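**Q** pasting a predicted model and its sequence here:
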Amino acid sequence: RQRLITVELKFFFYTLEVTAWKAMTLSKIYFNQEFLQECSKEVTDFGEGKDSFLAKAGKEGLLRKSGEVRTIEYNFLHLTFQEYFAARYIARKIRSNKNGDEDSWRKEIKKFKLHPRFAIVWWFVGGLLGANITTGRNYDPLKKFVEEIGAPPHD
């Protein structure tokens with residue numbers, strides 16, 4: 001049975017993934033509206049739905065909105081949600097066949113794989129990619145990820 005996901009919902013989740021990853025790499029837990037807008041601009045696969053992200057961000061329960069009108073900040077409801085969506089971002093890059101994506105995710109993993117803040121992100125990536133094995137799908141993305149995590153540099 002196939003699930004139908006609206007373009008708007010896909011855009012919402014992809015933007016959460018970009019936001020989570022970028023925030024993790026910048027050691028950000030709190031971010032402002034401009035940061036969210038920058039992240040939503042990176043999600044280029046969708047023409048429609050972009051304006052609705054900021055409106056939905058605080059309403060869906062994954063992002064919390066705080067502060068006064070001029071100093072509104074957002075953060076993920078829990079750090080685990082941020083780590084999970086950051087992992088989805090990397091898993092999506094690993095599964096992608098777009099030109100340049102392989103170099104991109106490999107550089108990101110090399111840069112952050114030894115950082116303790118990313119340990120749970122890597123666990124999630126392994127789990128997300130490993131889900132393909134239990135459903136009988138392609139396990140090449142998991143293999144690539146494990147090879148990159150195991151490659152130098154080491155602890």
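**A** Here it is on my side, so go on. Quick caveat: nothing in here was measured; it's all calculated off a predicted structure.

**Q** where does this protein dip in pLDDT?
**A** 1-5, 44-60, 97, 99, 132, 134-136 (pLDDT under 70).

**Q** buried sites along the helix ranked longest in it?
**A** Counting residues, the longest helix found in the chain (DSSP state H) is helix 7-25. Buried residues in helix 7-25, defined by neighbour count with 16 or more other CB atoms under 10 Å: 11-12, 14-24. C-beta here means a position set from N, CA and C on the backbone, and glycine is covered the same way.

**Q** one more: stretch 109-118?
**A** Quick answer for stretch 109-118 (16+ other CB under 10 Å): I109, F112, K113, F118.

**Q** now the two most distant members of the buried residues of helix 7-25.
**A** F11 and M24 (20.3 Å; CB to CB).

**Q** which stretches of the chain form helices?
**A** So, for the chain - with DSSP H - the helices run 7-25, 33-42, 50-57, 79-95, 101-112, 119-134, 140-150.

**Q** closest one to E68 among the ones you listed?
**A** Judging the helices of the chain by CB to CB, what sits closest to E68 is helix 33-42, at 12.7 Å.

**Q** the closest one - contacts with which helices or strands?
**A** Of the remaining helices and strands, those touching helix 33-42 by 3 or more CB pairs under 8 Å, 6 or more residues apart in numbering; DSSP states H and E are helix 7-25, helix 50-57.

**Q** for that helix, list the C-alpha coordinates in PDB.
**A** Taking Å, rounded to 0.1, in the frame of the first residue of the first chain, the C-alpha atoms of helix 33-42 are listed here in PDB:
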ATOM      1  CA  GLN A  33      13.200  33.200  11.300                       C
ATOM      2  CA  GLU A  34      15.900  34.300   8.900                       C
ATOM      3  CA  PHE A  35      17.800  31.100   9.500                       C
ATOM      4  CA  LEU A  36      14.600  29.100   8.800                       C
ATOM      5  CA  GLN A  37      14.000  31.100   5.600                       C
ATOM      6  CA  GLU A  38      17.600  30.400   4.400                       C
ATOM      7  CA  CYS A  39      17.100  26.700   5.100                       C
ATOM      8  CA  SER A  40      13.800  26.700   3.200                       C
ATOM      9  CA  LYS A  41      15.500  28.300   0.200                       C
ATOM     10  CA  GLU A  42      17.900  25.300  -0.100                       C
END
